[in-house]
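# need a 3D model of the following:
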Amino acid sequence: MSQAVIFREFGKAEEVSALEVSPHPELQDGQILVRMLATPINPADINFIQGNYGIRPELPDTPGIEGTGRILESKAEGYPEGAHVIFLERVGTWKSHVVCEASKALVIDAKIDFLQASMLKVNPITAWRILTGYTKLKEGDWVIQNAANSGVGQCFIQIAKQLGLKTINVVRREGLEKDLLALGADHVLLDDNELVDKVREICGDHLPKLASNAVGGDSALRLMDALADQGVHVTYGAMSMRSLKVPNKFLIFKRIRLEGLWITKWIAEEKRKKIEDTYAQLGEWVAAGKLTQKIDQTFRPDQLKEALVRAQESRRDGKVVIDWSDY
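I've put the predicted structure just below:
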């Protein structure tokens, strides 16, 4: 039997979601049975339950875009029993047991802490893709990002450090500097009207070649203004819920290139070998303690409503994670 989080209508996550018991399907050729260990609650999961995500499921359904578990039974070559996996495609990870096509999973190093492994799929590879996928950067180059205290933002700082890049990290409130500097940030600045002048003072003639935008609106425009000529501006989120209205001067005179990233689509379209190699590198950094994500709180599955409420509260100190390991 499997216990799974089920929602039968769209609405407030804590009101429409419930833990239910059901038999898991019989394993077919090419499939694996995974005992889940941990699943984080991401903003995309909340939007999915609300019916506001890019994919609107048929109901009832189970949320969960990432997580990690241990293979209990396998009918697929290359996926041995006992191996630890993450999931490259959405399989509804908020459950005690997952049965899926093996191709939707990726074997990872079992030495990686399972709570950290549960958060490996989305944030680290998003940051890595932004830093490596859009322009050639060399050691010592400056990069800039807003929402620097977010999960992606913290991964961005740590991965940039491994790549020898220098980061300017923009935040919306004071009091975040100490933690971000401890992760390896070079500078932490407030997202205000003085931002661009401060960036120019820090960087001089070597302005950032790459900007990572998760906010949109005026914050995104400030990043464009702070970029070097022919810099690249990558948008992966819109926390302000405000669209980009780009002044012509940035496109004509600075020749800035605007890009967008939905990591789910990139994973679906990229060659499997590159995905495997990338996660192997990220996993090495995680295992070595060079790439970590903060966890605000862990909850048991029977504390689902409390977990969902906490995950939607502001000023959390990291992710909320559902711990299935002893359940």
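# just give me the longest strand of this protein.
strand 31-41 (DSSP state E).
# and that one, which strands flank it?
When sheet partners are counted by DSSP bridges, strand 31-41 sits next to strand 68-74 (antiparallel), strand 97-101 (antiparallel), strand 319-323 (antiparallel).
# residues contacting the residue sitting furthest away from the middle of the chain?
Centroid-distance maximum for the chain: F253 at 33.4 Å, with C-alpha atoms, centre = their mean. For F253, no contacting residues are found, by C-beta atoms under 8 Å, 6 or more residues apart in numbering. For glycine as for every other residue, the C-beta is placed from the backbone atoms N, C-alpha and C.
# tell me how this structure divides into domains.
2-119+293-323, 123-264 (automatic domain parsing).
# tell me which of these lies nearest to R272.
Between R272 and these, the shortest separation by C-beta to C-beta is 8.5 Å, and it involves domain 2-119+293-323.
# what's the first-to-last distance across that closest one?
End-to-end distance of domain 2-119+293-323 (C-alpha to C-alpha, to the nearest Å): 15 Å.
# determine the number of other residues adjacent to the residue nearest to S150 when sequence neighbours are not counted.
Setting aside the residues directly before and after it, S150 is nearest to A214 in space (C-beta to C-beta, 6 or more residues apart in numbering), at 6.1 Å. A214 sits with 24 neighbouring residues when counted by other C-beta atoms under 10 Å.
# what residues does A214 make contact with?
Counted by C-beta under 8 Å, 6+ apart, A214 has contacts Q145, N146, A147, S150, V152, G153, T235, Y236, G237, A238, M239.
# tally of neighbours for E14?
17.
# for it, give me the pLDDT.
With respect to pLDDT, E14 has a value of 97.
# any idea which element the residue lying closest to it once chain neighbours are set aside lies in?
Excluding the flanking residues, the one nearest E14 by C-beta to C-beta, 6+ apart is L308, at 4.2 Å. Under the criterion DSSP states H and E, the helix or strand holding L308 is helix 304-311.
# outside of that helix itself, list whatever touches it.
Against helix 304-311 from outside (C-beta under 8 Å, 6+ apart): 5, 13-14, 17-19, 41, 46, 296-297, 299, 316, 320, 322.
# what's the burial count for the residue nearest to E14?
Neighbours around L308, by other C-beta under 10 Å: 24.
# quick one: the strands in the stretch 151-300 of the chain?
Ranges of strands in the stretch 151-300 of the chain, per DSSP state E, counting those that start in this stretch, are 166-171, 187-190, 210-213, 232-235, 257-260, 295-299.
# what is the third one packed up against?
Going back to what we said before, that points to strand 210-213. On a contact count with 3 or more C-beta pairs under 8 Å, 6 or more residues apart in numbering; DSSP states H and E, strand 210-213 meets helix 123-132, strand 142-145, helix 151-162, helix 217-226, strand 232-235.
# before we move on, what about the last one?
Using 3+ C-beta pairs under 8 Å, 6+ apart as the contact definition, the elements that strand 295-299 packs against are helix 304-311, strand 319-323.
# so which residue is smack in the middle of this protein?
N123 (2.2 Å).
# isn't that one right up against A147?
No. N123 is beyond contact range of A147, at 11.6 Å (criterion: C-beta atoms under 8 Å).
# ok so, going back, distance to R222 for the contacts of helix 304-311 - can I get that in CSV?
Below are those laid out as CSV (distance: C-beta to C-beta, whole Å):
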residue, distance to R222
V5, 39
A13, 33
E14, 35
S17, 38
A18, 43
L19, 44
I41, 30
I46, 28
D296, 28
Q297, 33
F299, 37
R316, 25
V320, 30
I322, 37
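# ChimeraX command to pick out the buried ones of the residues you listed?
To isolate the buried members of these in ChimeraX, using 16 or more other C-beta atoms under 10 Å:
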select :5,13,14,17,19,41,46,297,299,320,322
